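**Student:** Need coordinates for the following:
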Amino acid sequence: QRHLTIPCEMCIRDRPLSAAVYLVLPQYEGYVPPPKEEGGGAQGGAAAAPGATDGGGSAADGSADPEGLTPASRAALLEAERAVADFHARAERGESGMRCQLDAMLLYETVADKRMAVLLPINAMRNYALLQARSPLVAMVDVDLVVSTALGAWLERPANVEHLRAGAAARRVFVLPAFETAPQDNATLAHELADGAARMSKPALASLTAGRLVYQFALYLFRQG
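**Tutor:** Predicted structure coming up:
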């Protein structure tokens with residue numbers, strides 16, 4: 001994605017947020033990259049990898065690309081590096097209300113099959129983000145989930161944190177209940193409903209679930225879960 005979004009509710013007590021960003025680079029014959037957006041890519045301070053070019057098919061010394069990337073893939077990778085570096089810098093500076101201490105890892109995968117180009121290795125990305133985490137406790141969440149304010153308040157209490165630490169030391173896993181909004185004709189309404197639900201008390205959330213405006217995550221997709 002060109003525009004990364006990190007929910008600032010996840011940054012509790014300025015703990016570092018570990019994010020893994022995935023970029024797929026199609027290498028199959030006949031692939032045509034999408035046209036550039038108006039205004040070009042994000043500006044940032046990411047340095048190119050050693051031997052990288054500005055989008056050409058060879059390294060700076062004139063040799064073949066050491067990673068075997070096509071010119072289009074090399075250009076996409078460099079643009080992604082700049083975009084992630086720009087977002088990281090803005091998060092660290094506290095722009096747009098983010099106030100995040102962000103550790104961002106950019107990973108890319110070359111694919112030679114059209115079907116592989118649309119698959120997201122979710123578990124692998126979570127594992128990379130976990131390996132990068134620097135805090136004694138971690139919450140494994142997808143980037144599009146909104147953490148409830150009640151959870152933030154709960155984690156502000158030292159006794160609760162110690163309860164989690166003791167559980168982690170005993171190799172226990174704590175499962176956070178997750179919810180999703182019912183299908184909406186307007187995506188903005190769905191986002192507003194999700195934001196409102198994340199700020200509600202538990203009884204208020206229960207009333208939303210009773211009205212089927214909100215229900216357990218993937219209830220109809222994978223009921224066993």
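**Student:** Please make it C-alpha for all contacts and neighbour counts, starting now.
**Tutor:** Will do.
**Student:** All the strands of this structure, in order from the start?
**Tutor:** Using DSSP state E, the strands found in the chain span residues 16-26, 101-111, 179-181, 214-216.
**Student:** Relative to the second one, what are the paired strands and their orientations?
**Tutor:** Each strand that pairs with strand 101-111, with its direction, by DSSP bridges: strand 16-26 (parallel).
**Student:** in the helix ranked longest in the chain, what counts as buried?
**Tutor:** For the chain, the helix with the greatest residue count under DSSP state H is helix 71-93. By neighbour count with 16 or more other Cα atoms under 10 Å, helix 71-93 contains the buried residues 71-91.
**Student:** Extract the CA atoms of it and return them as CSV.
**Tutor:** What follows is helix 71-93, C-alpha atoms only, in CSV (Å, rounded to 0.1, in the frame of the first residue of the first chain):
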residue,chain,number,x,y,z
PRO,A,71,13.7,-2.6,-13.5
ALA,A,72,10.1,-2.2,-12.5
SER,A,73,10.5,-4.2,-9.3
ARG,A,74,13.7,-2.4,-8.4
ALA,A,75,11.9,1.0,-8.8
ALA,A,76,9.0,-0.3,-6.7
LEU,A,77,11.3,-1.4,-4.0
LEU,A,78,13.1,1.9,-3.8
GLU,A,79,9.9,3.8,-3.7
ALA,A,80,8.6,1.6,-0.9
GLU,A,81,11.8,2.2,1.0
ARG,A,82,11.3,5.9,0.7
ALA,A,83,7.6,5.7,1.7
VAL,A,84,8.3,3.6,4.8
ALA,A,85,11.2,5.8,5.9
ASP,A,86,9.1,8.9,5.4
PHE,A,87,6.3,7.4,7.5
HIS,A,88,8.8,6.3,10.2
ALA,A,89,10.2,9.8,10.4
ARG,A,90,6.8,11.4,10.8
ALA,A,91,5.7,8.9,13.5
GLU,A,92,8.9,9.5,15.4
ARG,A,93,8.4,13.3,15.2
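**Student:** Can you name every helix or strand that it contacts?
**Tutor:** strand 16-26, strand 101-111 (3 or more Cα pairs under 8 Å, 6 or more residues apart in numbering; DSSP states H and E).
**Student:** quick one on the thing from earlier: which among the strands of the chain is found nearest to residue 139?
**Tutor:** Closest approach to residue 139 among the strands of the chain is made by strand 16-26 (9.7 Å; Cα to Cα).
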